[in-house]
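Trainee: kindly return the folded structure for what I paste below:
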Amino acid sequence: MSGPTRVGVEVGGTFTDLVAFEADGVRITKVPSTPQEPHRGAIAALDESGLALEGTGDLVHGSTVATNAVLERKGARVAFFATEGFRDLLTLQRQSRRSIYDIHYQKPEPVVPRRDTFEVPERIGPEGEVVAALDDAAARQRVARALQGAGYESVAICLLNSYANPAHERRMAALVAERFPGTGITCSSDVTREFREYERASTTALAAYVQPVIDRYLGEFGRALDDRGFEGRFSLMQSNGGRLPASGMAGNAITALYSGPAAGVMGAIRQAGCSGHRDLITFDMGGTSTDVCLVQDGTPVLTSDAEIDGLPIRIPVLDIVTVGAGGGSIVWRDDGGMMRVGPRSAGADPGPACYRRGGAEPTITDAHLVRGSVLADTFLGGRMDVDPALAREAFAALATHFERSVEQVADDAIRVAEHNIVRAIQLVSTERGRDPRDYVLVPFGGAGPLHAARVAEVLGISTIVVPPAAGVLSAFGLVASDFVRYESRTVRIAIDEAGAAERVRAQFAAMRQDADSAFAALGLASGLRYTHTLEMRYVGQAFEVPVALEADEIAGLDTGLLRERFNEAHHRIFEFDDSRTNRPEIVSFRLGIASPPPAVPRLADTDAAPHAADVTIFDGGARLPARRINRSALLEAGEGDGPLLIADETSTAYVPPGWRARMDAHNNVILTH
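Mentor: Reported below is the predicted structural model:
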């Protein structure tokens, strides 16, 4: 029996989603996640779907396993080796304080405590020169003394300036492997070849911390696939918006920290791109959180300054801002008597009060049921039983405190959540030098289309693109993504020095050779595409701005073009450029390599087939008579004016008064104000 051609399985905080492209159409499955054992939720989605995996060509997976391992501090026990004199690198961190008025403030707790950090006598200089050679005998002795009988699952090695010369790290890795074979080893020079010692050390420690967890997870999931007859290519989503074969994740698990949110961005790009929209703000509102990302000309913005639980990660990831505003986010009252939403979430267990699983605190999902913007008979296409009475009961205490009706308090909670989302979008747009009015908003996730119009009104966005099957768009993004890898190097070059352009070309050429070799080892060696980015700053500045170069510009590169591109990037963010009196310099290089984009079948509508009905929505302090229809009905009608609810199997879109909805040729619902 032939299976589907391509399958995506994405594990979220509340639901696990599956999208499968078969010869006769698209199959969609949504099951509750199992936070304590995430692989069981993924396997349950496969079993619930009824798919026969024999003959399946591609299965792509995204999960929160690495993220949860860090947030819950359930990673491996790691031994960390640093240069002598730098044992406290992970503990000292940076001087900055995130809460300057909190007298009880404490820095984020590193995943490797000081007792598990060990020193090695050696020293590499900032240009890669050997200042003090690594003593083999002393290093062997320290490795044996540190690891013998200590029960470490993983070893992290981060030596001073090894980004410029990894020779000592390579030798240390060989000594550990020789004395303790089978122990996982992570070298900073394999994880990130960029400067800033603390950020590189933190990234290396986190990589070693999550690697054994990911290896075990992939082993369990891989065995489940084998049991179900899967013989195709198994890939994992990365935080940079691309996937890699599972074999490529060995020693590289740190890149999977934000795989779920990244998959959603890629799905939005592919689906909105079908309708000709390339400048996007993606808005993914699921059960636990909301993730937003800015996409310029079809390309999501990358950053190397991400964090998890306050700890920096120095690898290229999509510039996604996350806020605790999901369907399961809990509505509560703070000590000052003000209403708050999130970041705490009811998650999958027990879930919102209306789920009938023991949850008693009010959530945003409960708020929608109370005010009528979500209807019990269409929840998850009518496949999940929810109780509006329990939702009302959960809001009763807040209604009493604020001396308002239950409907008013539920509507207020939704407004608070929407303003949290607006602030997140401003962080990726306005504060990055981009005007949100120049973009279309692409909402997805189970709750995104419910809030999109009101969020767009505040930001001045006039067009919204709601993809089909919006509630499972992240799973679609898994199968719609390319294979991607990034190479980064810190090499400082002042652009006015002699031969600067030639050095830039030579550095990119060397990095391309390394990237080509890595892709060839994974069986990906044809039709590759490349992106070139320089991290630049004025001499004396503390932080850099990314400057992208087209591939055809590299061959004819000169200092004039470098200066022009840097001035443009600097002015867009900081509103000034000062290259007449200050010298620009290149600090780091980043090369991206990607396979050709996969041919993805059309993402079809997923109507739950609710009959059209007249409903009432409490919105903005008033009861509004509205019409509930499905996507097929909108297609037949041509267009419809709000107030309107447009339901499908995975989500509901709310069209408020003043907005008009229509279906385009690619199954996207277009809302215009």
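Trainee: show me this structure divided up by domain.
Mentor: For the chain, automatic domain parsing gives the domain ranges 71-213, 484-594.
Trainee: nearest to A389, of these?
Mentor: Across those, A389 has its closest neighbour in domain 71-213 (33.8 Å, CB to CB). In this view, the C-beta of every residue, glycine as well, is placed from N, C-alpha and C.
Trainee: quick one: least confident helix or strand in the chain?
Mentor: Least confident helix or strand, the chain: helix 631-637 with a mean of 83, by mean pLDDT, DSSP states H and E.
Trainee: now the following helix or strand past that helix: mean pLDDT?
Mentor: Remark: after helix 631-637, the chain's next helix or strand is strand 639-641, criterion DSSP states H and E. Throughout strand 639-641, pLDDT has a mean value of 89.
Trainee: can you show me the CA trace of the least confident helix or strand of the chain as CSV?
Mentor: What follows is helix 631-637, C-alpha atoms only, in CSV (Å, rounded to 0.1, in the frame of the first residue of the first chain):
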residue,chain,number,x,y,z
ARG,A,631,-14.8,28.9,3.7
SER,A,632,-16.8,27.2,1.0
ALA,A,633,-19.7,29.5,1.6
LEU,A,634,-17.4,32.6,1.3
LEU,A,635,-16.1,31.3,-2.0
GLU,A,636,-19.6,30.9,-3.3
ALA,A,637,-20.7,34.3,-2.1
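Trainee: for that helix, name the packing helices and strands.
Mentor: Counting contacts by 3 or more CB pairs under 8 Å, 6 or more residues apart in numbering; DSSP states H and E, helix 631-637 packs against strand 660-663.
Trainee: partner strands of the helix or strand that comes right after the strand it packs on and their direction?
Mentor: As assigned by DSSP H and E, the chain's next helix or strand after strand 660-663 is strand 669-672. The pairing partners recorded for strand 669-672 under DSSP bridges are strand 463-466 (antiparallel), strand 660-663 (antiparallel).
Trainee: show me which residues of the first one are buried.
Mentor: For strand 463-466, the buried set under the neighbour-count rule, 16 or more other CB atoms under 10 Å, comprises I464, V465, V466.
Trainee: what about the helices in the stretch 451-600 of the chain?
Mentor: With DSSP state H, counting those that start in this stretch, the ranges of helices along the stretch 451-600 of the chain come out as 473-480, 500-521, 551-555, 559-574.
Trainee: quick one: residues contacting I320.
Mentor: Taking CB atoms under 8 Å, 6 or more residues apart in numbering, we find I320 in contact with Y258, P261, A262, V265, D291, V292, C293, V428.
Trainee: check R98 too.
Mentor: Y105, G310.
Trainee: any low-confidence regions in the stretch 301-450 of the chain?
Mentor: Scanning the stretch 301-450 of the chain for pLDDT under 70 picks out 381-382.
Trainee: now do the strands in it.
Mentor: 302-303, 306-308, 311-313, 317-318, 320-323, 329-333, 339-345, 440-444 (DSSP state E, counting those that start in this stretch).
Trainee: pairing partners for the longest one, with directions?
Mentor: Strands flanking strand 339-345 in the sheet, each with its direction: strand 329-333 (antiparallel) (DSSP bridges).
Trainee: quick one: contacts of the partner strand?
Mentor: Residues contacting strand 329-333 (CB under 8 Å, 6+ apart): 288-289, 339-346, 361-364, 366-367, 395, 398, 401, 413, 416-417.
Trainee: output the below-cut-off pLDDT ranges for the protein.
Mentor: 1-3, 381-382, 579, 604-611.
Trainee: in it, what residue sits furthest out from the centroid?
Mentor: Distance from the centre of the chain peaks at A137, with 43.7 Å (CA atoms, centre = their mean).
Trainee: can you list the buried residues in the top helix by length along the chain?
Mentor: Longest helix in the chain by number of residues (criterion: DSSP state H): helix 197-227. For helix 197-227, a neighbour-count test (16+ other CB under 10 Å) marks 197-215, 217-218, 220-221, 224-225 as buried.
Trainee: how far does that helix sit from its chain's centre?
Mentor: Centroid separation for helix 197-227 versus its chain: 16 Å, with CA atoms, centre = their mean, to the nearest Å.
Trainee: now the helices for the stretch 151-300 of the chain?
Mentor: 167-179, 188-191, 197-227, 259-274.
Trainee: looking at the ones you listed, which is closest to E37?
Mentor: Comparing the helices of the stretch 151-300 of the chain against E37 with CB to CB, the closest turns out to be helix 197-227 (9.0 Å).
Trainee: okay, now D349: neighbour count?
Mentor: Using other CB atoms under 10 Å, D349 has 15 other residues around it.
Trainee: quick one: it and E37 touch, right?
Mentor: No: in this structure D349 lies outside contact range of E37 using CB atoms under 8 Å: 11.5 Å.
Trainee: which ones are touching V9?
Mentor: Contacts of V9 (CB under 8 Å, 6+ apart): T16, D17, L18, A42, A45, L46, L59, V60, H61, G62, A475, L478.
Trainee: let's see it at 6 Å
Mentor: By CB atoms under 6 Å, 6 or more residues apart in numbering, the contact set of V9 is L18, A42, A45, H61.
Trainee: closest to R357 among the residues you listed?
Mentor: A45 (18.9 Å).
Trainee: tell me the SS of the closest one?
Mentor: The local conformation at A45, judged by DSSP: H, G, I helix; E, B strand; the rest coil, is helix.
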